[in-house]
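Visitor: what's the 3D shape of this:
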Amino acid sequence: METATIPAELEAYWKQLDCGFPRVKPVFADCMREALAKLSKQGVEAYIENARFLGKMGRGAEPILIFLEEWPAAAKTLGENALPAIMECIHRMWKSPNGNAIKPFLQSLPATARRLQSPGLLRDYLDIVLDFMERTTSSIHGIHQTFPSPGLPEFFKKIPLLLGQLSLEGLKNWVEYGVRYYKDHPDRQIDYFSLQSADSRAVLQRERHGTLLVDNERKLDMYLRGLWRDEDQLIPYSGAFDELRKPIPYYDKLGIRLPDVYDDFIPSVGCTPCTIFGARSAPYEAQRISGIDRYRAILAHIAGHRRWTTAIFADNFAPFQRMAAEFLEDSRVEYLAMREYPGLRRIFMALHPIPAEDACDPELESGVRHRLTMLSRAILDPRHPYKNPHVVEFAQRFHMLMQQGDMITNDLAVVSGQPSQMASSLSSTQEIADLAVAFVAKARRQSDQLAKMYFKDTVVDYRDDNRQMWKFIEEGDEEEAFDEPRKIEPGEELKGLPPRHYHEWDYQNQSYRPDWVSVYEGLHPSGNASDIDKLLAKHAGLAKRLKKMLDLLKPQDKVRIRYQEDGSELDLDVALRSLIDYKSGATPDPRINMSHKTSGRNIAVMLLLDLSESLNEKAAGCDQTILELSQEAVSLLAWAIEKLGDPFAIAGFRSNTRHDVRYLHIKGYSEHWDDQVKGRLAAMEANYSTRMGAAMRHAAHYLEQQQADKKLMLILTDGEPSDIDSKNGRLLIEDARQAVKELDRQGIYTYCINLDHKADEYVADIFGKQYTIIDRVAQLPEKLPTLFLALTK
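Guide: Down below sits the predicted model:
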């Protein structure tokens with residue numbers, strides 16, 4: 001094998017580098033020439049000196065190779081004075097157990113330089129890195145650092161993606177969240193900083209910039225309905241996590257899938273000026289397209305497909321023919337859309353790429369996509385710059401085909417009085433597919449079969465994936481991803497509803513943890529309803545006393561409202577007194593009428609039961625468990641509320657970490673107090689823990705939907721909020737307190753009935769003055785209904 005030689009003019013630099021790695025010598029000359037061209041004399045000296053250090057620090061050839069190849073270009077962007085800060089960061093890693101992070105750090109440097117583009121921002125970025133490293137590098141005895149940061153290498157691998165999605169402030173917040181919650185959990189830390197965990201993605205979404213679909217969904221829905229007379233659910237997807245296969249918009253039976261965020265589109269400086277309606281417009285740098293207009297372009301394109309595209313059989317088309325048919329069908333629906341709304345042309349023209357005609361080397365790359373994108377651009381832009389005879393010819397043939405359809409449509413419109421409604425049938429998808437097949441056949445080249453395909457400036461990102469354009473005679477792998485419902489294999493169990501995710505309040509940092517808690521809801525299993533009937537019979541005497549109170553609270557038919565200037569009838573007593581006053585010369589009272597109103601209660605109630613393990617304990621001074629006494633009390637309360645006619649629901653909750661909060665429906669608002677409900681109440685069991693805040697937020701989801709003047713949530717619990725994955729006992733107490741504040745803003749009045757004799761230590765912090773402590777739990781069946789009646793008078 002021939003050994004690489006160093007040119008004589010570079011020999012002195014090679015000796016100064018003093019590198020013994022065989023892999024470095026073959027690339028050194030090219031790297032050095034680039035450095036001499038881009039760096040100053042002092043910059044070259046620093047380049048060699050720091051490369052020599054990287055080659056001798058004991059981390060193999062990779063660090064020095066990466067630095068030699070990447071630093072000259074990065075220095076041109078950041079400036080040569082950024083190198084000391086970078087090397088200081090590398091020195092800190094080298095002296096700590098984090099030497100394995102040096103390689104990914106250097107690999108990420110070019111992308112970091114392109115995104116930050118200033119030494120000041122780079123210093124801020126390096127501060128984030130060093131703080132991250134110090135806080136996540138651990139030790140055995142707390143004196144010397146012995147274990148490397150688990151998440152730091154993963155962080156550097158994802159930094160090009162992160163800086164593409166976040167500002168530096170957003171990146172700092174994202175890192176801070178991961179360090180704060182996962183510095184003691186190595187595996188979870190790796191999942192977070194490699195963007196594998198759900199909360200990592202949730203925090204990333206929270207910190208992202210741009211136009212969010214969720215913030216503009218209503219506006220876009222009205223755009224789709226008003227302009228396109230179309231409607232469907234808009235479903236967001238994220239393009240932030242799949243770097244190899246970027247998802248693109250599409251629609252199916254479930255709705256229209258759109259990116260969750262769009263930045264404003266600013267075309268590159270120096271692009272060819274675009275043309276609109278035959279006249280040249282301002283240069284491309286002036287054609288800024290807002291994020292909301294990018295969404296409108298996608299919806300216009302998809303609405304055009306849904307209106308004018310007819311599915312055709314794909315089985316007889318070759319892959320390149322299908323690709324061409326999709327490109328031209330996209331152009332057809334855009335032509336028809338711009339005919340209805342000419343203002344769309346400005347957006348399409350700005351967003352459609354303009355591939356350079358000579359950019360694709362036909363000897364090295366397949367140019368099918370390149371030619372099709374040029375054809376698509378030529379169809380859109382009458383003053384396109386292309387000279388390719390096939391592109392010019394088929395752009396003209398496309399317009400001739402569309403104009404023939406327009407002329408026939410206009411003639412029929414005179415007769416039928418329905419303009420433009422037949423355009424889709426007169427310039428059909430099949431005709432466009434035939435034109436596409438002809439283009440592929442005529443423009444075909446031998447190099448089209450090459451494995452390497454040219455992609456630069458060929459992606460039109462406002463177009464969908466055209467999956468609904470095709471139908472298949474024979475089933476295969478391709479159509480399985482389309483509209484066929486998924487088949488349930490024999491033996492496959494159907495699981496319950498997917499979880500609802502709720503935020504949780506972190507009082508230490510005064511911020512919410514987004515999508516932190518997973519709440520799984522289901523119908524409570526049923527038991528023996530006669531057990532509840534026996535409990536009611538046991539308390540028959542108490543029920544009689546309650547019935548007298550209920551009769552006083554029941555709505556009366558009519559109530560008089562006296563002393564009204566305007567009313568439904570004359571109040572004779574007041575009218576006579578006014579007449580006497582008038583006859584005696586005094587000023588009479590003009591309020592001589594009265595009206596009536598129906599006296600009714602307009603209250604909706606949610607009874608939320610803590611079903612944690614502690615309810616299995618025996619109540620003090622009683623042979624029954626707290627759970628059994630709770631069943632008796634809730635049975636009496638439910639009977640009383642049913643007699644009053646107030647709409648009410650009953651639910652229980654328990655938790656087993658934040659990932660598994662169970663919310664069990666015992667009675668819904670639409671159900672009556674019947675044997676089904678009694679059976680669920682009889683089957684109540686207590687286990688696990690008490691994550692109260694999430695359960696309250698979920699219960700409020702149902703209570704908020706009730707049409708009532710007063711909405712009351714009663715929480716029956718025997719202890720403070722807690723869970724096995726919460727080290728800080730105060731954390732869930734503060735979250736429950738925050739949940740009470742949230743419910744208050746929603747117009748929901750919360751009240752706690754606590755059976756813990758130590759509740760004075762925490763219950764006021766959560767509920768303020770809205771609570772009652774029942775020390776003698778045996779009195780619960782009597783106290784609970786009475787308390788409810790007092791609250792709802």
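
Visitor: Now name the helix or strand holding Ile128.
Guide: Assigned by DSSP states H and E, Ile128 falls within helix 119-136.

Visitor: For that helix, buried residues please.
Guide: For helix 119-136, the neighbour count (16 or more other C-beta atoms under 10 Å) marks Pro119, Leu121, Leu122, Tyr125, Leu126, Ile128, Val129, Phe132, Met133, Thr136 as buried. C-betas here are computed from N, CA, C, even on glycine.

Visitor: now stretch 760-775
Guide: Using 16+ other C-beta under 10 Å as the test for burial, stretch 760-775 gives Tyr762, Val763, Ile766, Phe767, Gln770, Tyr771, Thr772, Ile774.

Visitor: tell me which element Gln16 is part of?
Guide: For Gln16, the host element (DSSP H and E) is helix 11-17.

Visitor: list the helices and strands that helix packs on?
Guide: Applying 3 or more C-beta pairs under 8 Å, 6 or more residues apart in numbering; DSSP states H and E, one finds that helix 11-17 contacts helix 25-38, helix 41-56.

Visitor: Export only the CA atoms of that helix, formatted as PDB.
Guide: What follows is helix 11-17, C-alpha atoms only, in PDB (Å, rounded to 0.1, in the frame of the first residue of the first chain):
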ATOM      1  CA  GLU A  11       6.300  19.700   5.800                       C
ATOM      2  CA  ALA A  12       7.000  22.200   8.600                       C
ATOM      3  CA  TYR A  13       3.300  22.200   9.700                       C
ATOM      4  CA  TRP A  14       3.300  18.400   9.600                       C
ATOM      5  CA  LYS A  15       6.400  18.200  11.900                       C
ATOM      6  CA  GLN A  16       4.800  20.700  14.200                       C
ATOM      7  CA  LEU A  17       1.600  18.600  14.400                       C
END
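
Visitor: List the buried residues of it.
Guide: Buried-residue list, helix 11-17, by 16+ other C-beta under 10 Å: Tyr13, Trp14, Leu17.

Visitor: May I have the predicted confidence score for the last one?
Guide: In this case it means Leu17. At Leu17, the predicted lDDT confidence score is 91.

Visitor: What is the subsequent helix or strand relative to the helix holding Ile128?
Guide: Sequence-wise, the next helix or strand downstream of helix 119-136 (DSSP H and E) is helix 152-165.

Visitor: And that following helix, how far out from the chain middle?
Guide: On the basis of C-alpha atoms, centre = their mean, to the nearest Å, helix 152-165 sits 20 Å off its chain's mean C-alpha point.

Visitor: Arg296 belongs to a helix, doesn't it?
Guide: Yes - counting by DSSP: H, G, I helix; E, B strand; the rest coil, Arg296 is part of a helix.

Visitor: Do I have it right that it meets Asp221?
Guide: No - counting by C-beta atoms under 8 Å, Arg296 sits too far from Asp221 to count as a contact (11.9 Å).

Visitor: Between these two, tell me which one has more neighbours.
Guide: Arg296 (23 against 15; other C-beta atoms under 10 Å).

Visitor: residue contacts, that one?
Guide: Arg296 sits next to Leu220, Tyr223, Ile347 when contact means C-beta atoms under 8 Å, 6 or more residues apart in numbering.
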